[in-house]
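Engineer: Could you look at this predicted model? Sequence included:
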Amino acid sequence: MRQYVDSTTGEIYYTEEVLRRSDEIVKVFRPVGRSSKFVKIKASQKAKRRLRKLSLAEAGFLLKIAPYASEGTNLLQGDNERGQKGTPLTVKDLARIADCSYPTARKIVKTFIELHIMRRTDLEGQSALAINPLYSLNGKTAETWLLHLFSQEITEAGEDPNLD
């Protein structure tokens, strides 16, 4: 393996020889750590209309809490920095994450529940908040129970949250 150094950036490149079959494809990618999260905001027309109606504070709140949604379930859970890992986040935790007061966070969460952007659910005897997969989905495809939790909204929208 040969090494090349870009003189302007100092970046190091390597040459490698790859043997492959005719029906195989080789892909080069940069591995990222487990700390990186991918959050996609859904672009359905109904979601866009509802998101447009949100105040700047509400939209900012949603953007700040979305990375705490667990993959596939969209449950807002701690990450050991904010709340205990795997434990549902409380509204007080969400207020700290969004850097707002508890009453403001409570009001925004109540608004999100009324607009069907969020819903409360029971997780092993604890109350947990889940984000509607039509608005935001973290990483993997939505699990069946999450689709069932928001089935009315998904049916009304006529969309599959697992499709782009």
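Structural biologist: Arrived safely. Note that the coordinates shown come from a computational prediction; the quantities given were computed from them, not determined experimentally.

Engineer: tell me what the longest helix anywhere in the chain is packed against?
Structural biologist: Looking across the chain with DSSP state H, the single longest helix is helix 102-114. Where contact means 3 or more Cβ pairs under 8 Å, 6 or more residues apart in numbering; DSSP states H and E, helix 102-114 is packed against helix 56-65, helix 91-98, strand 118-123. Every C-beta, even on glycine, is put in place using the N, C-alpha and C of the backbone.

Engineer: got the contact list for that helix?
Structural biologist: Applying Cβ atoms under 8 Å, 6 or more residues apart in numbering, the set of residues contacting helix 102-114 from outside is 57-58, 61-62, 91-92, 94-95, 98, 100, 118-120, 129.

Engineer: go with 10 Å
Structural biologist: 50, 54-55, 57-62, 65, 76, 90-101, 117-120, 129, 131-132, 135 (Cβ atoms under 10 Å, 6 or more residues apart in numbering).

Engineer: in that helix, what counts as buried?
Structural biologist: 105, 107-109, 112 (16 or more other Cβ atoms under 10 Å).

Engineer: Please apply the same query to stretch 54-66.
Structural biologist: By 16+ other Cβ under 10 Å, the buried positions in stretch 54-66 come out as 54, 58, 61-62, 65-66.

Engineer: If any of the contacts of helix 102-114 are buried, put those into a ChimeraX selection.
Structural biologist: Only the buried entries of the contacts of helix 102-114 go into this ChimeraX selection, using 16+ other Cβ under 10 Å:
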select :50,54,58,61,62,65,76,90,91,93,94,95,97,98,100,117,118,119,129,131,132,135
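
Engineer: Just the pLDDT for Gly158.
Structural biologist: pLDDT, Gly158: 71.

Engineer: Sorry, slip of the keys, the one I care about is Ile41.
Structural biologist: Listed pLDDT for Ile41 reads 67.
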